[in-house]
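Peer 1: Predicted model and sequence below, questions to follow.
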Amino acid sequence: MATLYPVAGCKIYIGPAMDLEDGDMVAADFTSVVWTEVKKWTSMGAYGDAAALITTQVISEARDVKQKGTRNAGQMQNVFAVAATDPGQIALIAAEKTNLNYPIKVELNDKPAVGASPKNSMRYFMALVTSAQEAGGAANTVQSLNSTFEINSNIVPVAASAT
């Protein structure tokens, strides 16, 4: 039976602005990044490629023919409990004020139970931070910081390891 891993314990990080690569990103593109964790993460958004749909209406066949088009890694919508002095949240808010791309690292909570130095898997990507909005809520909730990452690269997975 496959092991299931909780979202609890995952972490998200932002790095300083970087230029996009001409092609797909690879793990080595992120090795020199100085990461800052964005703390108080309360809700993890979705991320990953989806293909655009190309539809051609073929009159002689009275049928639409569908094809896959370009790939888009979408937008990741994250929620954080407001922590005004957190360096990660400060960096996130500053990133929203620019037109630049930022490296993002998601550290999952899936390291092996055994090994010399078990490590969680990672997901790396480049994104525009297009929103950093504070929100209220009901009386028994904390104030939140809602942030949208418009992903501008492929998602680079790095598998969990025992060492």
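Peer 2: Here it is on my side, so go on.

Peer 1: ranges for the strands of the protein?
Peer 2: Per DSSP state E, the chain carries strands over the ranges 11-14, 36-37, 41-43, 50-58, 63-72, 75-81, 101-107, 122-135, 144-151, 156-158.

Peer 1: Which neighbours in the sheet does the fourth one have, and how are they oriented?
Peer 2: Taking DSSP bridges as the criterion, strand 50-58 pairs within the sheet with strand 63-72 (antiparallel).

Peer 1: Quick one: residues contacting I93.
Peer 2: Residues near I93 by C-beta atoms under 8 Å, 6 or more residues apart in numbering: 132, 145. To be clear about C-beta, it is placed using only N, CA and C from the backbone, and glycine gets the same treatment.

Peer 1: Against V26, how distant is the residue lying farthest from the centre of the chain?
Peer 2: In terms of distance from the mean C-alpha position of the chain, S60 ranks first, at 43.9 Å (C-alpha atoms, centre = their mean). Counting by C-beta to C-beta, to the nearest Å, the separation of S60 from V26 is 45 Å.

Peer 1: what do you get for A162?
Peer 2: Using C-beta to C-beta, one obtains 22 Å as the distance from A162 to V26.

Peer 1: again with I59
Peer 2: Applying C-beta to C-beta to I59 and V26 gives a distance of 44 Å.

Peer 1: next one: F125
Peer 2: Noted for F125: a distance of 12 Å to V26, by C-beta to C-beta.

Peer 1: Give me the common contacts of the two.
Peer 2: Here F125 and V26 have V156 as joint contacts, going by C-beta under 8 Å, 6+ apart.

Peer 1: Between those two, point out the one with more neighbours.
Peer 2: Set side by side, F125 and V26 show more neighbours around F125, with 24 against 12, by other C-beta atoms under 10 Å.

Peer 1: who wins for proximity to F30 among the strands of the chain?
Peer 2: Evaluated over these, closeness to F30 peaks at strand 122-135, with 4.6 Å, by C-beta to C-beta.

Peer 1: Just give the strands next to that closest one in its sheet, each with its orientation.
Peer 2: Using DSSP bridges, the strands paired with strand 122-135 are strand 101-107 (antiparallel), strand 144-151 (antiparallel), strand 156-158 (antiparallel).

Peer 1: Residues touching the second one, excluding its own?
Peer 2: In this case it means strand 144-151. 42, 45, 47, 72-82, 89, 92-93, 96, 104, 125-137.

Peer 1: repeat for the last one
Peer 2: Residues outside strand 156-158 that contact it (C-beta under 8 Å, 6+ apart): 25-27, 29-30, 121-125.
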